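A.B. asks: Next come a sequence and a model predicted from it.
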Amino acid sequence: MRTISEKWASFERAVLPSDCSDVQRSEMRKAFYAGAASLLALTDEIASIPNEDACIAILRGLHEEVQAFARKP
């Protein structure tokens, strides 16, 4: 099973330069975990919706939102 800490470690290796400051690393980790917490809160809200099709539509919308963000320069 993957954990948020494993995802953070992968993100950290891929994105942060090896010579970044401890403050930058700490702030990026806080932001990463805040994003994870936000996503978990969203999934809790979605899980409470009794209509499966509505849940799927919301999840697809979130996926599209992230993809659109990733495409921006």
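C.D. replies: Perfect, thanks for sending it.

A.B. asks: Please make it C-alpha for all contacts and neighbour counts, starting now.
C.D. replies: OK.

A.B. asks: what does stretch 22-41 rub up against?
C.D. replies: 4, 8, 16 (C-alpha atoms under 8 Å, 6 or more residues apart in numbering).

A.B. asks: Give the buried subset of those as a PyMOL selection command.
C.D. replies: Filtering the contacts of stretch 22-41 down to the buried ones (16 or more other C-alpha atoms under 10 Å) takes a single PyMOL command:
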select buried, resi 8
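
A.B. asks: Of the contacts of stretch 22-41, just say which sits nearest to residue 50.
C.D. replies: Nearest to residue 50 among the contacts of stretch 22-41 is residue 4, at 27.4 Å by C-alpha to C-alpha.

A.B. asks: Would you mind listing the buried residues in the host helix or strand of residue 61?
C.D. replies: Using DSSP states H and E, residue 61 sits within helix 52-71. Within helix 52-71, the residues scored as buried using 16+ other C-alpha under 10 Å are residue 55.
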